[in-house]
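Student: Okay, sequence plus prediction incoming.
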Amino acid sequence: MLESHSKVCLEIPSLEEVKEELVKNPDMQNISHRIKDVFYVLENFRERREGSRSRQEYVSILELDLCACYSYNSFLIQKLKNLFPLSELQEFLEANEVPRPVTIRTNALKTRRKLLAQSLINQGANVDVLNWSSVGLVAYSSGSVPLGATLEYLAGHYILQGASSFLPVVALGPKENEKILDMCAAPGGKSTHIAALMKNTGVLFSNDFNKDRTKALIGNFHRMGITNSVITSLDGRRFSKMMPHFFDRVLVDAPCSGTGIISKDEHVKMSKEERDMKRCSHLQKELILSAIDSVDAFSATGGYICYSTCSILTEENEEVIQYALNKRNVKLVSTNLTIGREGFVNFREKRFHQSMKETRRIYPHLNNMDGFFVAKLKKTSNDIPKLNKTDGKVEKNSVKKAEIQNNKNNNVKNTKNKKVGESKIKEKLKKNKKIKTKKFAELKNKKTNEKKKKIFHAKNKNS
Amino acid sequence: MKRLVYSLKSCLNSDNIKQLLVRSDGHYCFRFHKDRVYYVSEKLLVAASSIPFEGIVSVGTCFGKFTKTKKFHLHITALDFLAPYSPYKIIIKQSSENSFLYGNHVLKSGMASITDNTPKYQGGFGVAAKSTTECRVADPPTIVAFHQADIGEYIRKEDTLT
């Protein structure tokens, strides 16, 4: 019985037929049936495939059908297919069709969550607490007045904000009396959260490149009663030159392709191409370097950079972090988030740093939040390592020289320690030289051996 | 700056202005930037000094702006700082809260109470259309306070808020 059932499912038209059908008369029911069938075949390919049809054919049929069914372009479907195992891919696509729940963040400067929830419930709204955050509320329905226009909203007691936007701020962990920069701040959900955690002390720079979007930023800041902030409209890349080593913490919520928020913005499905990815990731790399350069590594309380995007593609996330790890003296540290999956260490042909596990990926189908990526970096030195022009990798010697300089800067008081540290490093350098000379000698030996062998062979041939 | 002080004086006395400027958490000051007046802590001002002038959109809290005819207009954003010191208050009934938030004047029927001895045309975020004694005898549909600003502007006038 089972076998006959499986054989019924196997009747899948060829790739050409599918292409033709999709162009001429796409039938949604037919397509979704076929998607199920192909998934079924691919689950146990060896036994369920038809004759000797290739896996590649099945997969391309699946791609075409998914594109048609969920109206994505083929570029994005391929990217997503690489990201998830097949069983998960459809869950993800389905999750993108459903809107995420509306979440509210209580403004801790003006009220408390309990009071706010009570007054909203009194107006007929249906709200519940978010159990992993102390300021979050989920709103299932609004009361007589929409949630964006209640008296509490106008008085600045809360802000409407996606649940995933809480995460980078929690990861950043702002403290009171610090100097913090939010590089891409509009419309101000995360920025006001930072200010609330700082309790209106210290200095908060909220920057957004787009001047029109800063208007929303200004409105939200004034409504929420935040007084410790400077709102600027500058290119984020200028901060490295303008305020080098000034900040204790920097949040980079980089502009991205938005593949995590497809449920919010359907436009993403069809509009993204390879070119957009490259442009995005290039800008992100520039921004993260600028952010790192504007942080003070020797800050007493901070020295952290938090990088987040609402994209789930590796090009905009792990690759950007890896780039930063290569180019600057930073290391990945734990984000202190309990939810989400670990970032990729291996992704297809790419190999990232082992510590990439510390980053977090949030998926809509797993966490019921917008897709998100969060990474937290700690700056270890203010020096910029010099680069080898030939292979782009950091020269080890230059890093050590930087270390020596750091030691000089740091241990002005403990001169004895400094001397010990320096001498140790000098010893290491000497050892390195010795190793190098050894290797060189070995290489020479090898070469001469090879030459001897050649001559030996030649002699043999002649004889 | 004189005009700013005059308009502040209409809702504050000089002692209160002093209290605004010298606070327990440091010195504060008023700064003029692109026709707007901002109320900033001096610490913040020092930090902001390294940013180019044209890049700054807002510093601290915006109190109001100077119009093209050089008159000073208070913005609703200053409410949190001025409300504790305001000498004259009109309290609105809950039923007519929404009407006021949509930008309407306050009617006698929507007024819960008014501070004693409020003079006529006393201004701040709104202007008293009638003095306290006149209010007592007014009919329900008469206007007792002219609308000038309300927190509904955070939604209605987000673009021109500051």
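Tutor: It's in. Numbering: from 1, shown residues only, chains lettered A, B, ... in the order given.
Student: domains for chain A, by residue range?
Tutor: In terms of domains, chain A is parsed into A:2-70, A:102-160, A:174-379, A:403-463 (source: automatic domain parsing).
Student: Spatially central residue in chain B, please.
Tutor: By CA atoms, centre = their mean, chain B has its centre lying nearest to residue B:125, at 4.2 Å.
Student: rewinding a little: which one of the domains of chain A is the most hemmed in?
Tutor: Stretch with highest mean neighbour count among these: domain A:174-379 (a mean of 21; mean count of other CB atoms under 10 Å in any protein chain shown). Bear in mind the C-beta positions are built from the backbone N, C-alpha and C, glycine included.
Student: gap between that one and the chain center?
Tutor: The chain centroid and the centroid of domain A:174-379 are separated by 8 Å, computed with CA atoms, centre = their mean, to the nearest Å.
Student: Disregarding residues adjacent in the polypeptide, which is nearest to residue A:158?
Tutor: residue A:104 (4.8 Å; CB to CB, 6 or more residues apart in numbering or on different chains).
Student: Show me what whichever strand or helix holds the one you found is packed up against.
Tutor: For residue A:104, the enclosing helix or strand under DSSP states H and E is strand A:102-106. Judged by 3 or more CB pairs under 8 Å, 6 or more residues apart in numbering or on different chains; DSSP states H and E, the packing partners of strand A:102-106 are helix A:113-122, strand A:136-141, strand A:158-160.
Student: Can you add distance to residue A:230 and mean pLDDT and give the ones you listed back as CSV?
Tutor: Converted to CSV, the helices and strands packed on strand A:102-106 look like this (distance: least, CB to CB, whole Å; pLDDT from 0 to 100):
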stretch, distance to residue A:230, mean pLDDT
helix A:113-122, 28, 93
strand A:136-141, 27, 92
strand A:158-160, 20, 94
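Student: Who is the residue nearest to residue A:158 paired with across the strands?
Tutor: Applying DSSP bridges to residue A:104 gives these bridge partners: residue A:137, residue A:160.
Student: which residues touch it?
Tutor: The contact partners of residue A:104, by CB atoms under 8 Å, 6 or more residues apart in numbering or on different chains, come to A:116, A:127, A:136, A:137, A:138, A:139, A:147, A:158, A:159, A:160, A:161.
Student: Just the pLDDT at the nearest residue to residue B:122 once chain neighbours are set aside, thanks.
Tutor: Once flanking residues are discounted, residue B:122 sits nearest to residue B:128: 4.6 Å by CB to CB, 6+ apart. pLDDT for residue B:128: 87.
Student: And for residue B:128, the neighbour number?
Tutor: 23 (other CB atoms under 10 Å in any protein chain shown).
Student: surely it meets residue B:118?
Tutor: Yes: using CB atoms under 8 Å, residue B:128 and residue B:118 qualify as a contacting pair, with a distance of 5.3 Å.
Student: about what we covered before: what's the closest of the domains of chain A to residue B:102?
Tutor: Closest of these to residue B:102 is domain A:102-160, at 10.0 Å (criterion: CB to CB).
Student: can you give me the end-to-end distance of that closest one?
Tutor: Criterion CA to CA, to the nearest Å; first-to-last residue distance in domain A:102-160 is 7 Å.
Student: For that domain, what is the distance to the chain centroid?
Tutor: Offset of domain A:102-160 from its chain centre (CA atoms, centre = their mean): 29 Å.
Student: Next: stretch B:40-59.
Tutor: Centroid separation for stretch B:40-59 versus its chain: 23 Å, with CA atoms, centre = their mean.
Student: can you tell me if that stretch touches chain A.
Tutor: Yes: applying CB under 8 Å from any CB of the partner chain, one finds stretch B:40-59 touching chain A at B:41, B:43-44, B:47-48, B:50-52, B:55-59.
Student: Just give the strands next to the longest strand along chain B in its sheet, each with its orientation.
Tutor: Longest strand of chain B, by residue count under DSSP state E: strand B:26-33. Take DSSP bridges as the rule and strand B:26-33 pairs in its sheet with strand B:22-23 (antiparallel), strand B:36-41 (antiparallel).
Student: So for it, what gets flagged as buried?
Tutor: For strand B:26-33, the neighbour count (16 or more other CB atoms under 10 Å in any protein chain shown) marks B:28, B:30, B:31 as buried.
Student: Show me what the host helix or strand of residue B:62 is packed up against.
Tutor: For residue B:62, the host element (DSSP H and E) is strand B:61-66. Applying 3+ CB pairs under 8 Å, 6+ apart, one finds that strand B:61-66 makes contact with helix A:213-223, helix B:2-11, strand B:36-41, strand B:72-74, helix B:79-82.
Student: could you check the angle strand B:36-41 makes with it?
Tutor: Orientation check (axes from the mean of the first three to the mean of the last three CA atoms, to 10 degrees): strand B:61-66 against strand B:36-41 gives 150 degrees.
Student: quick revisit: which residues touch the residue nearest to residue B:122?
Tutor: Counting by CB under 8 Å, 6+ apart, residue B:128 has contacts B:88, B:90, B:114, B:118, B:119, B:120, B:121, B:122, B:144, B:145.
Student: now the strand holding residue B:62, how far from the chain's geometric center?
Tutor: 9 Å.
Student: what angle do that strand and helix A:213-223 make?
Tutor: Going by the same axes, to 10 degrees, strand B:61-66 makes 110 degrees with helix A:213-223.
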